[in-house]
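Q: My questions concern the predicted model and sequence given below.
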Amino acid sequence: MYGATISFPNLGIEIEELNNTFSVFGFEIAIYGLIIGIGVILGAALSFREAKITGQSVDDYIDMALYGVIFGIIGARLYYVAFMWDYYGKNPDKIIRIDEGGLAIYGGIIAGIVTCVVLTKIKKISFWQMADTAVLGLIVGQIMGRWGNFFNREAFGCDSNGLFAMRIDTWDDKVAVSVPDTVSYIDEQCRYIQVQPTFLYESCWNLMLLILIMIFRKKKKYQGEVFLWYMCGYGIGRTIIEGFRTDQLIIGNTGIPVSQLLAVTLAIVTGAFLIYNRIKIAKGKTVKLPDTGVETGTGYIKKEKSKN
């Protein structure tokens, strides 16, 4: 195992020989995968707790967690591979090597939504109610998952000398650090780069988003509103953070980063929809998103109605 020295010079923090794997009884374990696993467990636990509080069946969410994680990881990988086909087409054996990184969150979200739609159809329960509950676990997974990028020394941004600038030592050829052409070495002899820690920005943004949703989720006025809050908030954050990224997936030869385009669209569409619905509610109208399933449990909305 080899590690690279990573530091935050303007904060006075230095971590020497940071490895991205460790060995247990001779088996090499990728820290990236371990962090993803911990994120899944913590996220599922939060969603299960929310389901119990709102009187829903925890078993439904256990099923959602099992299928959602499996298809979510597959979707995240397929999405990434599709936009990096120039590389994976020549190296097909690398397609399944998710321990080396390369999971695109949008692919995971799309696969997760499809899984949720199918599962709620089969169980004949409300999609939007499940989305409001499951999204809490999704955010936890995203918060944790970005730290996997840190250990893999990937998903960083452009050159920086700001307060949170991250310096990565790349002097040893045995240390796998992918340096995009848009990032320069500060010292060609010492070979280290100093960049924006975009993994940290996104993890902190998602943590703030989770805190806000946990505080205001009881104020929701209709099933699906919490999920829309997440989509809008995540879209805003991702739009800003993608501006710092150097490893973006590009749409063909257009030069347009697919993640940033999706983030802008997501933020605008869901934001406008949220505002429109709140205006309707302010006028005394009822908002109910199209849903073929049946709501279960008590839920925050029903609790509020019972007080009147």
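A: Nice, thanks for sending it over.
Q: make it CA atoms for all contacts and neighbour counts henceforth
A: Will do.
Q: so where is the stretch 201-308 of the chain shaky, pLDDT-wise?
A: 249, 302-308 (pLDDT under 70).
Q: What ranges does it have for its helices?
A: Shown for the stretch 201-308 of the chain, the helices assigned by DSSP state H, counting those that start in this stretch span residues 225-242, 258-282, 299-307.
Q: most tightly surrounded among those helices?
A: Of those, the one with the most neighbours on average (mean count of other C-alpha atoms under 10 Å) is helix 225-242, at a mean of 21.
Q: name the helices or strands packed onto it?
A: Counting contacts by 3 or more C-alpha pairs under 8 Å, 6 or more residues apart in numbering; DSSP states H and E, helix 225-242 packs against helix 127-152, helix 198-216, helix 258-282.
Q: Contacts made by that helix with the rest, please.
A: With contacts defined as C-alpha atoms under 8 Å, 6 or more residues apart in numbering, helix 225-242 is touched by 128, 131-132, 135, 198, 201-202, 205-206, 209, 213, 217, 220, 248, 259-271, 274.
Q: switch the cut-off to 7 Å
A: Helix 225-242 has contacts (C-alpha atoms under 7 Å, 6 or more residues apart in numbering) with 131-132, 135, 198, 202, 205, 209, 217, 220, 260, 263-264, 266-267, 270-271.
Q: Equivalent analysis for stretch 211-223, please.
A: Identification of contacts with stretch 211-223 by C-alpha under 7 Å, 6+ apart yields 128-129, 226, 287-288, 300-301.
Q: CA atoms of it as PDB?
A: C-alpha atoms of stretch 211-223 as PDB (Å, rounded to 0.1, in the frame of the first residue of the first chain):
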ATOM      1  CA  ILE A 211     -30.200  19.800   8.500                       C
ATOM      2  CA  LEU A 212     -32.700  22.200   6.900                       C
ATOM      3  CA  ILE A 213     -34.900  19.400   5.600                       C
ATOM      4  CA  MET A 214     -34.800  17.700   9.100                       C
ATOM      5  CA  ILE A 215     -35.900  21.000  10.600                       C
ATOM      6  CA  PHE A 216     -38.700  21.900   8.200                       C
ATOM      7  CA  ARG A 217     -39.900  18.500   7.000                       C
ATOM      8  CA  LYS A 218     -42.800  18.600   9.500                       C
ATOM      9  CA  LYS A 219     -44.000  21.800   7.800                       C
ATOM     10  CA  LYS A 220     -44.600  20.100   4.400                       C
ATOM     11  CA  LYS A 221     -48.000  20.700   2.900                       C
ATOM     12  CA  TYR A 222     -48.200  17.800   0.500                       C
ATOM     13  CA  GLN A 223     -46.600  14.400  -0.100                       C
END
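Q: out of the contacts of stretch 211-223, which one sits closest to Glu17?
A: Nearest to Glu17 among the contacts of stretch 211-223, counting by C-alpha to C-alpha, is Val226 at 41.4 Å.
Q: Now do the closest one against Phe8, distance only.
A: According to C-alpha to C-alpha, to the nearest Å, Val226 and Phe8 sit 35 Å apart.
Q: swap in Pro290?
A: Per C-alpha to C-alpha, Pro290 is found 48 Å from Phe8.
Q: cool, Asp169 as well?
A: Per C-alpha to C-alpha, Asp169 is found 12 Å from Phe8.
Q: same question, Trp229
A: According to C-alpha to C-alpha, Trp229 stands 33 Å off from Phe8.
Q: ok, now Lys124?
A: 51 Å.
Q: Of those two, give the one with the bigger neighbour count.
A: Neighbour count, other C-alpha atoms under 10 Å: between Lys124 and Phe8, Phe8 has more, with 20 against 14.
Q: Quick check: bridge partners of that one?
A: Taking DSSP bridges as the rule, Phe8 bridges to Ile13.
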